[in-house]
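Enquirer: Below is the structure, and that's it, no one-letter string:
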């Protein structure tokens, strides 16, 4: 069958006041519990999805309320999505005619995504956004739609489905979307487009789509007629080597720096740690005590980079072991007021020292903290590149949402990177080429090359360390220039540490970029635990090109060359995606970016 969807079971609940081309004059209410009815408590259908498809224009003024907890506001083509202490705003395209809102709940996580269309042509979509769902299922949930415009609002379709539990499948590049890959997008393709861009697979894989039977509980069952062609280009073509903002996670419990660092150090996944916070069986001790200790340390001392440092953490642990208390200096004293957190940190450290020994606790927290520092350095470079203000201290960055960027390797085509040199204030293409070497072998096999690279990185580290960190006189915040220096200091230290403690187990790699024999950039990657993906964890460029970006002879393109070579290398090893995660204010979340930093470090 071609361009025909089959295999979806349909049951009309009979409680929807309207399911197709609904006219909303003022308000429209849905009781989700009544709609899902008998499917509410089925153990094999725990997940619920909802699609609302609206016909919109520049005068549309909508407000959607879900249980008085989640709010969606659309006014002047600006869509605002709000939950307690979390707000995201998106500007829709001027010519957008249809707006589809997708909702899903799974494992106490409420996920939402929107898709813009002109007729049946999808023109844009948001990343999936995760929020904590503090309720039990959808029990007693009311969904209310209010129309504040002077004209009736058309709700073109309402569709609700229930399906079996499944692990999260992230969205692929928009241009490569397979509607059978994600339930929410399958519903969109089914209802709005009337087809799937991989329909030949859909008819055979519909059950695989939901890892079991998917039942359409309520909504319009017929396909919308295919609209006439509209003179507008499809989704913007993505440049080769560009990452797409795939996912935004607000459900990391104010541990945006430390939780991913813990997952990386302990060899597990972020999702595994989050889902096992309240386990039926005791979880592996590493994620539990490491994440809690780093989070407490950051809450106590993360307002200042003097106290949020490896040296300060080392001293603090020694004080706890020796005196069973935390000695604080004058700089820490003004902000130090979390007595319960202090006692919890003391208890955690002393308990682990008894079980593991002082040296093991020191080394574990030191390495895991370095990963937290890398995350903060990545935040700084991303924030500076996105012109985000203010530049926040680690304590505040912990609370930011985590954005996941992806580079699809299944469709990746390698291309050389042009060397660009600044000459007479003009960027000039060079006839020279970047050369990229990979460190990925045993400790013994890589010892000599690691020593040589480490010598260079230590020189870079010294250059960054000799720079003066300046702050805004009014509020003490880092200036953009100082943020880049701070990031360079952190990354040169953590990359040097990574080279020193390199295990050679195939879990991390270093990509060394040279120009005319001189190292000009280095990129560190991590193979994600039990995954087909790889992640870039740090990227550092020669400090001369960072500290004096407008100097004659400055080089550009080295960071991009490292990313592209990593993509080719990981593609050859059978990896499917390269990902990076960046903590950022929602206003600084950009949909796509080349490489992993807007500013090369």
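Expert: Ah, there it is. Please read these numbers as outputs of a predicted model, since none were measured by experiment. Numbers count the residues shown, from 1 in each chain.

Enquirer: just the helices in the stretch 1-150 of the chain please.
Expert: For the stretch 1-150 of the chain, helices defined by DSSP state H, counting those that start in this stretch occupy the ranges 32-36.

Enquirer: And for the chain?
Expert: 32-36, 183-188, 199-209, 258-266, 270-275, 285-301, 310-323, 339-356, 358-385, 394-397, 443-465, 480-500, 543-547, 558-572 (DSSP state H).

Enquirer: can you redo the ones you listed as CSV with distance to residue 95, mean neighbour count and mean pLDDT?
Expert: Where you see a C-beta, it was placed from the backbone N, CA and C, and this is true even at glycine. Compiled in CSV, the helices of the chain are given as follows (distance: least, Cβ to Cβ, whole Å; neighbours: other Cβ atoms under 10 Å; pLDDT from 0 to 100):
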stretch, distance to residue 95, mean neighbour count, mean pLDDT
helix 32-36, 32, 20, 68
helix 183-188, 19, 26, 49
helix 199-209, 27, 16, 27
helix 258-266, 38, 24, 91
helix 270-275, 37, 18, 74
helix 285-301, 45, 22, 91
helix 310-323, 52, 16, 92
helix 339-356, 51, 15, 91
helix 358-385, 29, 22, 92
helix 394-397, 37, 20, 93
helix 443-465, 47, 15, 95
helix 480-500, 35, 22, 93
helix 543-547, 41, 19, 91
helix 558-572, 33, 22, 93
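
Enquirer: right, and those - which one's nearest residue 52?
Expert: Proximity to residue 52, assessed across these by Cβ to Cβ, is greatest for helix 183-188 (10.7 Å).

Enquirer: any low-confidence regions in the stretch 1-150 of the chain?
Expert: 1-17, 19, 35-47, 107, 136-140 (pLDDT under 70).

Enquirer: What segments of it are strands?
Expert: 9-10, 20-24, 27-31, 47-55, 61-66, 70-75, 78-83, 86-91, 98-106, 109-118, 121-125, 128-132, 142-147 (DSSP state E, counting those that start in this stretch).

Enquirer: Which of those strands sits closest to residue 498?
Expert: Using Cβ to Cβ, these put strand 128-132 closest to residue 498, at 29.6 Å.

Enquirer: Does that closest one pack against any helices or strands, and if so which?
Expert: strand 78-83, strand 109-118, strand 242-249 (3 or more Cβ pairs under 8 Å, 6 or more residues apart in numbering; DSSP states H and E).

Enquirer: Kindly reformat these as a markdown table containing mean neighbour count.
Expert: Below are the helices and strands packed on strand 128-132 laid out as a markdown table (neighbours: other Cβ atoms under 10 Å):
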| stretch | mean neighbour count |
| --- | --- |
| strand 78-83 | 17 |
| strand 109-118 | 22 |
| strand 242-249 | 22 |
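
Enquirer: Put together JSON lines for those strands, with distance to residue 319 on each row.
Expert: As requested, the helices and strands packed on strand 128-132 are exported to JSON lines (distance: least, Cβ to Cβ, whole Å):
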{"stretch": "strand 78-83", "distance to residue 319": "39"}
{"stretch": "strand 109-118", "distance to residue 319": "39"}
{"stretch": "strand 242-249", "distance to residue 319": "35"}
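
Enquirer: Those: which one's closest to residue 299?
Expert: Of all those, strand 242-249 comes closest under Cβ to Cβ, at 19.7 Å.

Enquirer: Show me what the closest one is packed up against.
Expert: By 3+ Cβ pairs under 8 Å, 6+ apart, strand 242-249 packs against strand 128-132, strand 402-408, strand 577-583, strand 592-594.

Enquirer: need the least confident one among those strands, by mean pLDDT.
Expert: Mean pLDDT across the helices and strands packed on strand 242-249 is lowest at strand 592-594; the value there is a mean of 47.

Enquirer: returning to what we had before: quick one: which of the helices of the chain is nearest residue 21?
Expert: Among the helices of the chain, helix 183-188 comes nearest to residue 21, with 17.5 Å by Cβ to Cβ.

Enquirer: Excluding residues flanking it in the chain, which one is nearest residue 293?
Expert: Distance criterion Cβ to Cβ, 6 or more residues apart in numbering; nearest residue to residue 293, sequence neighbours excluded, is residue 348 at 5.1 Å.

Enquirer: For the residue lying closest to residue 428 once chain neighbours are set aside, name its beta-bridge partners.
Expert: Excluding its sequence neighbours, the residue lying closest to residue 428 (Cβ to Cβ, 6+ apart) is residue 421, at 5.4 Å. Beta-bridge partners recorded for residue 421 (DSSP bridges): residue 428, residue 555.

Enquirer: need the strands of the stretch 1-150 of the chain in TSV with distance to residue 365, can you?
Expert: TSV is the format used below for these (distance: least, Cβ to Cβ, whole Å):
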stretch	distance to residue 365
strand 9-10	52
strand 20-24	55
strand 27-31	49
strand 47-55	37
strand 61-66	40
strand 70-75	37
strand 78-83	32
strand 86-91	29
strand 98-106	33
strand 109-118	29
strand 121-125	40
strand 128-132	27
strand 142-147	45
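
Enquirer: Which among those strands is found nearest to residue 501?
Expert: strand 128-132 (33.0 Å).

Enquirer: what's in contact with that closest one?
Expert: 70, 81, 83, 86, 88, 108-113, 170-171, 184, 246-251, 401 (Cβ atoms under 8 Å, 6 or more residues apart in numbering).

Enquirer: quick revisit: where's the residue nearest to residue 293 relative to residue 299, distance?
Expert: 13 Å (Cβ to Cβ, to the nearest Å).

Enquirer: what does residue 508 give?
Expert: Residue 508 is 29 Å from residue 299, by Cβ to Cβ.

Enquirer: what's the answer for residue 274, then?
Expert: Residue 274 sits 18 Å away from residue 299, taking Cβ to Cβ as the criterion.

Enquirer: Check residue 125 too.
Expert: 36 Å.

Enquirer: Over to residue 89?
Expert: 28 Å.

Enquirer: count of neighbours near residue 90?
Expert: 18 (other Cβ atoms under 10 Å).

Enquirer: which residues touch the residue lying closest to it once chain neighbours are set aside?
Expert: Using Cβ to Cβ, 6+ apart and skipping residues adjacent in sequence, the residue nearest residue 90 is residue 79, 4.8 Å away. Contact analysis of residue 79 by Cβ under 8 Å, 6+ apart lists 72-73, 89-92, 99, 114.

Enquirer: Show the buried residues in the residues you listed.
Expert: The neighbour count (16 or more other Cβ atoms under 10 Å) marks 72-73, 90, 92, 99, 114 as buried among the contacts of residue 79.

Enquirer: just those now: which is nearest residue 520?
Expert: residue 90 (37.5 Å).

Enquirer: For burial, what's the neighbour tally of the closest residue to residue 498 other than its chain neighbours?
Expert: Leaving aside its sequence neighbours, residue 498 sits nearest to residue 524 (Cβ to Cβ, 6+ apart; 5.7 Å). Per other Cβ under 10 Å, the neighbour tally for residue 524 reads 23.

Enquirer: Kindly state the pLDDT recorded for residue 524?
Expert: pLDDT, read off for residue 524, is 95.

Enquirer: Just to check, it is in contact with residue 502?
Expert: No. The pair residue 524 / residue 502 is not scored as a contact, 10.0 Å apart, by Cβ atoms under 8 Å.

Enquirer: Now the common contact residues for the two.
Expert: 508, 510.

Enquirer: I'd say residue 293 and residue 349 touch.
Expert: Yes. Taking Cβ under 8 Å as the definition, residue 293 is a contact partner of residue 349 at 6.7 Å.

Enquirer: Kindly reformat the helices and strands packed on strand 242-249 as JSON lines containing distance to residue 151.
Expert: Shown next, in JSON lines, are the helices and strands packed on strand 242-249 (distance: least, Cβ to Cβ, whole Å):
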{"stretch": "strand 128-132", "distance to residue 151": "29"}
{"stretch": "strand 402-408", "distance to residue 151": "36"}
{"stretch": "strand 577-583", "distance to residue 151": "41"}
{"stretch": "strand 592-594", "distance to residue 151": "35"}
